[in-house]
Structures are given as C-alpha cells and as structure tokens.
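[1] everything below, folded, please.
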Amino acid sequence: TKKHNEFNFWVGDWNVYDTKGKLIGTNNILKMQSNCVMLENWVSKASASRGTSYNYVNLTDNTWNQLWVDNAGFSLELKGNLENGSMVLKSELIKNKQGEYYNRVTWTPNKDGSVTQLWELISTEGKVIQEAFRGIYKKKV
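    Numbering: from 1, shown residues only. A predicted model of the protein is given here:
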C-alpha cells in the first residue's frame, strides 16, 4: 500500500554522524516481506552497542510501529505516523526512577538526501526533557 512506502526515505546502507561530523555508527535498513517490513541493523562505532529493529504498518490502527532490541537487553516499542514529512514514533508512558516520560524518535529526510534521526525524552506535558540521540545519516557510496 501507499502507507508502506512512507518510510522508504530511511531505507539504505548508511554511515551515521554526530552533529560535529564524527562517524558514530553504521546502519543498514532494508525492506522485506513483500515490502511490508523494514529491518534495521545498527552498529555503533563509539561503543560495543548493536541493535535491530522491525518497522511495520499496523493495519488495524493504520500506524507505523517500531520494535527495537539491542545487545544490552534494552528494548523499545514505538508507534506513530508521518507528520509534515517526518516519521514521528512515540513510546507509551515510561514510569521509572527518572520519573514519567515518553520516548519520541523523529526521522526527517533532508534536501541533500541525508536523514536526521532525533531521539528525545518528552514530559507528560509535552516538553523535551532530554535529547538522547541525534544522528545524521549519509548514504554509503
């Protein structure tokens, strides 16, 4: 469906840089299962961190969903949609020692073909508490 193509701008074999232009990792995103599932494979250059996510459209509520798991035992479930050209996915409310917050991850395609990924922790009032990650994806040549 057309919905399944909304996140195609993230598909590719990428080098990922921080805002200072330092290479922080690589990420490979590919379409599979008749283009209905996107598989992410992240490898950090800054640490031993490695992770995988499945990204898919849930046709029952017509949302994009991500299930992320990594080699440190961390997992994250996100849900959302394309908003003004960016993919915006958010977690359920997290309650722990740090308080109550949502994880929100936004992928924005840039004019030069790169993609910016921003992971923020958001308060129950919708304010940004912390920026957890910001990476600029550039296609490997």
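[2] tell me how far the residue most central in space within the chain lies from residue 114.
    Residue closest to the mean C-alpha point of the chain, counted by Cα atoms, centre = their mean, is residue 105 at 5.5 Å. To residue 114, residue 105 is 17 Å away according to Cβ to Cβ, to the nearest Å. C-beta: built from backbone N, CA, C; applies to glycine.
[3] isn't residue 13 right up against residue 139?
    Yes. Taking contacts as Cβ atoms under 8 Å, residue 13 lies within contact range of residue 139: 6.9 Å.
[4] quick one: which of these two has more around it?
    Using other Cβ atoms under 10 Å as the criterion, residue 13 and residue 139 rank with residue 13 on top: 14 against 11.
[5] that one - that's part of a strand, no?
    Yes. Counting by DSSP: H, G, I helix; E, B strand; the rest coil, residue 13 is found in a strand.
[6] please renumber the chain so that the first residue is 58 from this point on.
    Let's use 58 as the start, then, which means that last one is residue 70.
[7] show me the contacts for it.
    83, 85, 196, 197 (Cβ atoms under 8 Å, 6 or more residues apart in numbering).
[8] from residue 95, how far out is it?
    13 Å.
[9] could you do residue 178 as well?
    In terms of Cβ to Cβ, residue 178 sits 24 Å off from residue 95.
[10] quick check on these two: which one has the bigger neighbour count.
    Per other Cβ under 10 Å, whichever of residue 178 and residue 95 has more neighbours is residue 95, with 22 against 18.
[11] tell me the contacts of the more buried one?
    64, 67, 68, 86, 87, 88, 89, 111, 112, 113.
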